[in-house]
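Asks: Below are the sequence and a predicted model; questions follow.
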Amino acid sequence: MNAVEIESAVSDLALEPFDKEEFPFSFLACFGHKDTALKRLRSGNNNASDIPSGVLQRNQIHIAVCEPGAVGETLTALRESPATTKAKAKFILATDGQTLEAEELVAGETIACAYSDFSDHFGFFLPLAGISTIKEIKDNPIDVRATGRLNKLYVELLAENPDWAKEERRADMNHFMARLIFCFFAEDTNIFESAGLFTKTVEQISERDGTNTHTVISEIFRAMNIKQNERAQANPRLPTWADQFPYVNGGLFSGSTEVPRFTRMARTYLVHAGNLNWQQINPDIFGSMIQAVADDEERGTLGMHYTSVPNILKVLNPLFLDDLRRALEDAGENKLKLLNLRKRMAHIRVFDPACGSGNFLVIAYKQMREIEAEINRRRGEINLGSEIPLTNFRGIELREFPAEIARLALIIAEFQCDVHYRGQQDALAEFLPLDTQNWIICGNALHLDWLGICPPEGTGVKLIADDLFGTPLDQTEIDFENKGGETYICGNPPYIGRRNQTKEQKDEIKLLLGKKVQSSASLDYVFCWIEKASDYVHGNRSEFAFVTTNSVSQGSQIPIYWPHLFSKGLEINFAHRSFKWNNNASDNAGVTCVILGVGRPRVPKYIFDETQRLEVTKINAYLLSSDLKVVEPSTNSISSLPKMRYGNLPGDGNFLTLSMSERDNLFKVDAKFRQIVIPLFGAQEFIRGLQRYCLWIDDDMLEFATSNEFIRRRIMGVKKTREDSPDPSYNILADRPHQFRDRNIAKNLTILAPTVSSETREYLPVAVFPGLTGTTNQSYALYDAPLWNMALLTSRMHLVWIGTICGKLETRLRYSNTMGWNTFPVPLLTDQNKADLAVCAENILLAREVHFPATIADLYDSENMPENLRHAHERNDEVIERIYIGRRFKNDTERLEKLFDLYTKLTSVEAKSTKKTIKGK
């Protein structure tokens, strides 16, 4: 269930007669708990409660219904209950049908309310549905409720007006919804002067069956597009009930006033939506929720697209808001300095080129208004109108409806700020009519000229649209009068990795980056926004900060793109290291993101993580304070380590691969076949303990091998597979169908590393096999390398390095020989170092052996790793880290800083020349 569905279900439950026997189960059903689970709870099979009339859902909630007046003591009993602790309940709840109290046990947050009002707190309980809660949702449920009411209306109207659901009329439907939102907000904030004017007029004038509702609303919309002094000449004449509405215009009600036809149910939904208190709407929450109403693909996760204000401020604060606050603090009570700061703020532009419903812009506007209000307070000018124009908050959005909602959200934010800082009377006096300027552009940001949409100077907008929602003929025709402003580009552009890009998106990457950087086809889509922003910033008084996936700061994309950006004279001035950019969706695992703030060099620079802010003088593309900017792939180990090769690509259509039973059947025919059958391992085989084998036939054994009909058919299958392949390199291999494409194999020892490993493992799982063991292309291998190399591979130092340098596949660690092993910086090892590391490797292998037949997947589960194995790894880490600095490292950041420093020394010109000299000797 999504947040909107949960709110609706909880509201319905609160209105029903209280049933003390059924309440706990009905309550859990509101949060999506299945009938089968509830049936087991009812029967007592899964109910471990030790409280009378209690119901305990493990890992969720302990509920008790009590006698009247006993709610407080019952909640205490639930809190102290051993069953609550044992079942790891997140919540406790007690009610007598008159009052209700609940507590979230980890944070200690509580609620207490009348039973009939508990639906107002549905956000408090969203974790019961697996949905992460956000403070703004918990404190103010109106946004989710409004979204739910409008969604019901939207769906009902489309069902009654199928032509409005078609592409050619979808824009009309979206415009209608935006107009409704304005009317609901206006009637609850005195913009319409009479409270509830719109909803009451529709309710009183339209027929209950909805037959003329569209006509009534259309007349209201028409009235708001006619100036008061022109209404007497209106043709047709406005009805008296429509003439009550003020002139709004601003493009909001211009153009067609056609309204879709209503059913009885649609009219009811409209009235229910209007009866909410829209004065409490928070535009930076509501806008991003409501955009899902008009998106067929997103409607299933309705009400879940809100990104919390704290997350957005992680971008805006270090980008420019912190600087404004410092300037305010420095100004103190100095009226001249305060005046200069206010003038400066009036010229600041905030530009989001992927603005969606305008979250970043709305929050930036509200934060700047707060600073401006404090300036006015200190100057004794609290009633002064704002000098910060909405047109300084510009955006580009691909889809029409979110772009419209962004404009509307900013208009609502402006009015709310005026009411808050200047008072209702002044706010109302200046609100209507709305301005017709169009400052949120609907279009593809990668096809538009950003300098035209948001030039580096001025505040005005030359373009006046006939319809606020109409697409202008020339969206970039803007006229600026004043100079000297700052521009800050921000937002959360689409990420889209290489594998998920459409042909159009790949073409856009090629167009923007194809001639600038090599291998641009390997880049994430978000680099297009980074490139356009860096071009904008280059040569202008501006900076940009984007939320992106952490893939842009790790792996092979760094040497492809970042040297190009740095060549423009730009630097990373602040960065948030990897964190989860969660919204409140139950099916959202949370994308792992970073925030990059880029501009002309400035100091100090700041690196943020979950717990601290580091002040530094430099930040590289890996978000570390280091002089080294990029790690380049290498064909050989910079530390003179043994050669690591890719596992063997079979290219055989699986015909040379054998199951255990197929191997055993061959051995029964003739034991000599043991000479040409060997174990085969890739990542999955050694991590999950799977048994696979392969035919490993040297040329001198081919005649013997083909004497067996089973083997001969397998070889012919390989030949046909390779002959039929569209890949010419496979066609050539058809001449030796008895062999894998690659033939790497060890005589004595194979050390295997997986190409991909789970990010939850604390160490890279590394396997050691005896000689004559086959490897697949799902692994990398050291063939006949000394055992001490295993200790390096499976160390924390190496895991931290590859996690940063190699990058990830989705969230899993991706390994590479050229980026991971060959670039791994290792100090010069003495014979004693190597002997100590070999002992560490042996101890890790022995610790694993104790737990046979547990698989690598079992042993390296971070929550269930055996203590002896963990101890063996910790001892290995201690030995290795003492080789680096003579002690254990304090944390991964310190590890990386040392590794980067050593990498710089090993790859310096002097180091390379020294190696050549030694090699020459």
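Replies: Sure, I can see it. Residues are numbered from 1 along each chain as shown.

Asks: Where does pLDDT dip in the stretch 651-800 of the chain?
Replies: Filtered on pLDDT under 70, the stretch 651-800 of the chain yields no residues whatsoever.

Asks: Quick one: the strands in it, in order.
Replies: For the stretch 651-800 of the chain, the strands defined by DSSP state E, counting those that start in this stretch cover 657-658, 677-681, 693-695, 749-754, 756-757, 767-770, 774-775, 779-783.

Asks: what's the most buried one of those strands?
Replies: strand 774-775 (a mean of 28; mean count of other C-beta atoms under 10 Å). Every C-beta, even on glycine, is put in place using the N, C-alpha and C of the backbone.

Asks: Return the helix or strand in the chain with minimum mean pLDDT.
Replies: helix 909-920 (a mean of 47; mean pLDDT, DSSP states H and E).

Asks: Residue 392 is nearest to which of the strands of the stretch 651-800 of the chain?
Replies: Closest approach to residue 392 among the strands of the stretch 651-800 of the chain is made by strand 756-757 (46.5 Å; C-beta to C-beta).

Asks: Now the nearest residue to residue 228 once chain neighbours are set aside: phi and psi?
Replies: Setting aside the residues directly before and after it, residue 228 is nearest to residue 247 in space (C-beta to C-beta, 6 or more residues apart in numbering), at 5.7 Å. The phi/psi pair for residue 247 (degrees, to the nearest 10) reads phi -80, psi 120.

Asks: let's number from 726 now, not from 1
Replies: Yes, from this point I'll number from 726; that puts the last item at residue 972.

Asks: Quick check, residue 972 in contact with residue 954.
Replies: No - judged on C-beta atoms under 8 Å, residue 972 makes no contact with residue 954 at a distance of 9.2 Å.

Asks: of those two, who's got more company?
Replies: Shown here are residue 972 and residue 954; by other C-beta atoms under 10 Å, residue 972 has more neighbours (18 against 8).

Asks: Show me what the helix or strand containing residue 1101 is packed against.
Replies: Assigning secondary structure by DSSP states H and E places residue 1101 in helix 1084-1103. Packing partners of helix 1084-1103 (3 or more C-beta pairs under 8 Å, 6 or more residues apart in numbering; DSSP states H and E): helix 1008-1015, helix 1034-1041, helix 1047-1056, helix 1060-1071, strand 1074-1077, strand 1118-1122, helix 1125-1147, strand 1212-1216.

Asks: okay, the angle between it and helix 1125-1147?
Replies: 10 degrees (axes from the mean of the first three to the mean of the last three C-alpha atoms, to 10 degrees).

Asks: For stretch 1413-1424, which outside residues touch it?
Replies: Here stretch 1413-1424 makes contact (C-beta atoms under 8 Å, 6 or more residues apart in numbering) with 1375, 1381-1385, 1387-1388, 1401-1406, 1409-1410, 1430, 1436, 1439, 1463-1465, 1470, 1497, 1499, 1578, 1580-1582.

Asks: got it, and stretch 794-811?
Replies: 773-776, 779, 781, 787, 789, 791, 817-821, 824-828, 830.

Asks: got the buried residues for that stretch?
Replies: 796, 799, 800, 802, 803, 806, 808, 809 (16 or more other C-beta atoms under 10 Å).

Asks: what's the neighbour count on residue 1155?
Replies: 12.

Asks: Residue 1131 versus that one, what's the distance?
Replies: 22 Å (C-beta to C-beta, to the nearest Å).

Asks: Over to residue 990?
Replies: Relative to residue 1131, and taking C-beta to C-beta, residue 990 is found at 30 Å.

Asks: same deal with residue 927?
Replies: Taking C-beta to C-beta, one finds residue 927 at 27 Å from residue 1131.

Asks: Which one of the two is surrounded by more residues?
Replies: residue 1131 (30 against 20).

Asks: circling back to that earlier point, quick one, which of the strands of the stretch 1376-1525 of the chain gets closest to residue 1072.
Replies: When these are compared (using C-beta to C-beta), the closest one is strand 1481-1482, at 50.1 Å.

Asks: circling back: looking at the helices and strands packed on helix 1084-1103, which is buried most?
Replies: Highest mean neighbour count among the helices and strands packed on helix 1084-1103 (mean count of other C-beta under 10 Å): helix 1008-1015, a mean of 28.

Asks: pLDDT (mean, whole number) over that one?
Replies: Averaged across helix 1008-1015, the pLDDT comes to 70.

Asks: List the buried residues for the helix or strand hosting residue 923?
Replies: Using DSSP H and E, residue 923 falls within helix 922-930. Neighbour counts over helix 922-930 (16+ other C-beta under 10 Å) mark 922, 923, 924, 925, 926, 927, 928, 930 as buried.

Asks: Let me see the contact set for residue 1063.
Replies: Going by C-beta under 8 Å, 6+ apart, the list of residues near residue 1063 reads 1053, 1056, 1100, 1103, 1104.

Asks: Who is the residue most central in space within the chain paired with across the strands?
Replies: Closest residue to the average C-alpha location of the chain: residue 1316 at 3.4 Å, with C-alpha atoms, centre = their mean. Note on residue 1316: beta-bridge partners by DSSP bridges are residue 1306.

Asks: That one is in contact with residue 1222, isn't it?
Replies: No - assessed by C-beta under 8 Å, residue 1316 is found out of contact with residue 1222, at 11.3 Å.

Asks: who touches both of those two?
Replies: residue 1274.

Asks: gap between stretch 1036-1053 and the chain center?
Replies: 21 Å (C-alpha atoms, centre = their mean, to the nearest Å).
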